[in-house]
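1. The sequence and its predicted three-dimensional model are supplied below.
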Amino acid sequence: MEGSENDGGVTPIAKWKSEFSMTFQYFLDRSTPHTIRRWLGTLAVAMIYVLRVYYVQGFYVISYGLGIYILNLLIGFLSPKVDPELEVLNGASLPTKGSDEFKPFIRRLPEFKFWYAITKAFLVAFALTFFSMLDVPVFWPILLCYWIFLFFLTMKRQILHMIKYKYIPYDIGKQRYADKKSASSSGTPRD
């Protein structure tokens, strides 16, 4: 039986893919606590992409698609995991009084996945700029104006949603309360 030897074995390509995947995941896991460095790296990748598009003077449709994708990711990053509008329909709601239970803001798209998706998007868009068949001639100011219009319309809707349901999509730290002793002693002195 000639095929019986390789049935249980792993091919060299599958082994290499597995090792590469494990190594890549190892470096991703190590980069998790280094938020500022990760975003600076993404900023560098974005600048390289912008320079490439500027140098080539083309690929505006790819840039527009990248912008729409990033806008979609931004909405997921700013949105709560559980939509308050759906909770109201189900009977549950966000706390509206001081005595209600506190529910922390949990993002629909966590920061790490947001960063990873944006970085991948810039890398893919950069790779696509090397294929001349994808350089569709368009009048780029129209695409830019349309993207800006979509951005402001979407952000207006998102901000109104935040105001309506009283949530803040970023951490401002733990709330500190003053001691009763220090609050009463800071008032008028008692004699």
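-> Nice, thanks for sending it over.

2. Now do residue 164 against residue 76, distance only.
-> 19 Å (Cβ to Cβ, to the nearest Å). C-betas here are computed from N, CA, C, even on glycine.

3. What average pLDDT does the longest helix seen in the chain get?
-> For the chain, the helix reaching the highest residue count under DSSP state H is reported as helix 140-165. Across helix 140-165, the average pLDDT comes to 91.

4. again, but for stretch 122-132
-> Averaged over stretch 122-132, pLDDT sits at 95.

5. Any buried residues in it, and which?
-> Neighbour counts using 16 or more other Cβ atoms under 10 Å place 122, 125, 126, 128, 129 of stretch 122-132 among the buried residues.

6. what residues does it touch?
-> 42, 45-46, 48-49, 52-53, 56, 58-59, 62-63, 65-66, 134-135 (Cβ atoms under 8 Å, 6 or more residues apart in numbering).

7. quick one: which of those residues is most hemmed in?
-> residue 59 (25 neighbours; other Cβ atoms under 10 Å).

8. What backbone torsions are found at the closest residue to it other than its chain neighbours?
-> Spatial nearest neighbour of residue 59, excluding adjacent residues (Cβ to Cβ, 6 or more residues apart in numbering): residue 129 at 4.8 Å. Main-chain torsions, residue 129, degrees, to the nearest 10: phi -70, psi -10.

9. and residue 129, how far is that from residue 60?
-> 11 Å.

10. Give the residues shared as contacts by the two.
-> Residues touching both residue 129 and residue 60 (Cβ under 8 Å, 6+ apart) are residue 53.

11. got the residue ranges for the helices in the protein?
-> 4-7, 12-31, 35-56, 60-78, 84-90, 111-128, 140-165, 180-185.

12. Comparing those by mean pLDDT, which bottoms out?
-> For the helices of the chain, the weakest mean pLDDT is recorded on helix 4-7, namely a mean of 50.

13. pretty sure residue 77 is touching residue 115, no?
-> No - using Cβ atoms under 8 Å, residue 77 is not in contact with residue 115, being 9.5 Å away.

14. quick one: residue 158 and residue 78 touch, right?
-> Yes - Residue 158 is in contact with residue 78 according to Cβ under 8 Å; the separation is 5.6 Å.

15. So if I had to pick from the two, which one is more boxed in?
-> It is residue 78, of residue 158 and residue 78, that has more neighbours when counted by other Cβ under 10 Å, with 21 against 15.

16. For that one, give its distance to residue 20.
-> Residue 78 is 34 Å from residue 20, where distance means Cβ to Cβ.
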